[in-house]
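Visitor: coords please:
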Amino acid sequence: MWRSRIMALPLVALLTATLLAGCGSPQSTAASFQGKAVSYGVKEATTLQGFDPNTGAPLPYHRIIAAYGIVGGSPVNGPASTLDMLNAYLPQLQQLAKQYAALDPTHPTLLAVDLVVNSIQPCSAFPQWCASYTDDATIQAYIQFCQQHNMLLFFDLQLGVEPVSKAVTDYVQKYLEKYPFVELALDTEFHFPNTPQGYAEAAGYPCCLGWMDASEVNWAINDLANISLQQHLPRKVLIIHQWNSAVLTNKNKIERNPDVSVVLQSDGFGYTPNKIGDYQAFVQSDMVGYGGYKLFYQYPGSTSYDIPLQSPADVMALFPQPLFISYQ
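Guide: Next comes the predicted model:
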């Protein structure tokens, strides 16, 4: 039996903020996307008073190579869990990006951080939502790091029982509106409905598996589209994690919006045939948007890793070729 990932450690200590000087944000090329990475049925972006969200958009013109992390976590939670670990891992991430770019020159690579800034926690300690947020100073430190190194920054939400609309509006919307390189990710496994039953299941995690309905995904899609159009920002990217068929309900009702790049990420560790089968089931068969894929390193004492770790060439053999690839 294999599971998707190790959950965030309860009551993880927040990082001491280390503000780093920065400059710039990721830029796109004017190249058109080609080949096996395209998403079916996605129309060209709309324009609004001369503004085109397609200009400067990360997808589908690039392939995003990301370091995953849970703020304040240990190495098993991913190489982006602290800024020190992220800085040490950056040369390896850059080398991986070069390998992917060599395998598909039509999609220049962009580096990214997929950062869990809202992690599920014991309901006894965090009774409102069974989850906790990272402090603003730490968020700003990661923002500065990504500016300095020309990286995208995904705010990844586990949520507990907090509705997607409330979490985004109250916590991350200000960052999404201000920074063109800040994007959004939703982790379906750790989300429960804001009901008595949902609360009981969240309190029992990991005995009970969370899920997210298409209606909440659609809210996020529409919100990101509005942010892009109203703030005149490049089209945003939304990552949706999926490692089990039960964690994303009414998946066929997820809406297509030309002003948002939706990535469905197959998220699970284990043997290569299992991972390939999941990608075919969750991404290839449904084609909600662009493909995403996650790989897990082996750490001392951990049982949550890929067997074996697939190479960039192995990942690029998937169909459709994923445009978002993260490493934990």
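
Visitor: okay, CA-based contacts and neighbour counts for the rest of this
Guide: OK.

Visitor: from the chain's centroid, how far away is stretch 177-196?
Guide: The chain centre lies 9 Å from the centre of stretch 177-196; the measure is Cα atoms, centre = their mean, to the nearest Å.

Visitor: longest strand of the protein, counting residues only.
Guide: Secondary structure of the chain per DSSP state E: the longest strand is strand 109-120.

Visitor: what lines up beside that one in the sheet?
Guide: According to DSSP bridges, strand 109-120 has the following sheet partners: strand 63-70 (parallel), strand 131-133 (antiparallel), strand 152-157 (parallel).

Visitor: between these, which gets nearest to I276?
Guide: Closest to I276 of the strands paired with strand 109-120 is strand 63-70 (Cα to Cα; 18.6 Å).

Visitor: now that closest one: mean pLDDT?
Guide: For strand 63-70, the mean per-residue pLDDT is 98.

Visitor: which residues sit against it?
Guide: 8, 58, 77-82, 86, 93, 96-97, 107-117, 119, 322-328 (Cα atoms under 8 Å, 6 or more residues apart in numbering).

Visitor: what's the PyMOL syntax to select whichever of these are buried?
Guide: In PyMOL syntax, the buried subset of the contacts of strand 63-70 is picked out as below (16 or more other Cα atoms under 10 Å):
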select buried, resi 8+58+77+78+79+80+81+82+86+93+96+97+107+108+109+110+111+112+113+114+115+116+117+119+322+323+324+325+326+327+328
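
Visitor: what is the mean pLDDT for the longest strand of the chain?
Guide: The pLDDT scores in strand 109-120 average 97.

Visitor: with stretch 208-220 instead?
Guide: 95.

Visitor: try stretch 132-148
Guide: What stretch 132-148 shows for mean pLDDT is 97.

Visitor: contact partners for V283?
Guide: Contacts of V283 (Cα under 8 Å, 6+ apart): 264-266, 291-292.

Visitor: contacts only, for the nearest residue to A246 once chain neighbours are set aside.
Guide: Spatial nearest neighbour of A246, chain neighbours left out: W211 (6.8 Å); criterion: Cα to Cα, 6 or more residues apart in numbering. W211 makes contacts with 188-192, 246-249, as judged by Cα under 8 Å, 6+ apart.

Visitor: what's the distance between W211 and S245?
Guide: For W211, the distance to S245 equals 10 Å [Cα to Cα, to the nearest Å].

Visitor: got it, and A67?
Guide: Taking Cα to Cα, one finds A67 at 25 Å from S245.

Visitor: ok, those two, which is more surrounded?
Guide: The residue with more neighbours, out of A67 and S245, is A67; 24 against 12, by other Cα atoms under 10 Å.

Visitor: that one pairs with what?
Guide: A67 has these beta-bridge partners by DSSP bridges: V113, Y327.

Visitor: distance of it from L184?
Guide: Going from A67 to L184 by Cα to Cα gives 15 Å.

Visitor: then Q121?
Guide: Here Q121 is placed at a distance of 20 Å from L184 (Cα to Cα).

Visitor: what of R235?
Guide: The spacing between R235 and L184, counted by Cα to Cα, is 12 Å.

Visitor: count of neighbours near D135?
Guide: Residues near D135, counting by other Cα under 10 Å: 15.

Visitor: please report how far H232 lies from D84.
Guide: In this structure, H232 and D84 are 34 Å apart, going by Cα to Cα.
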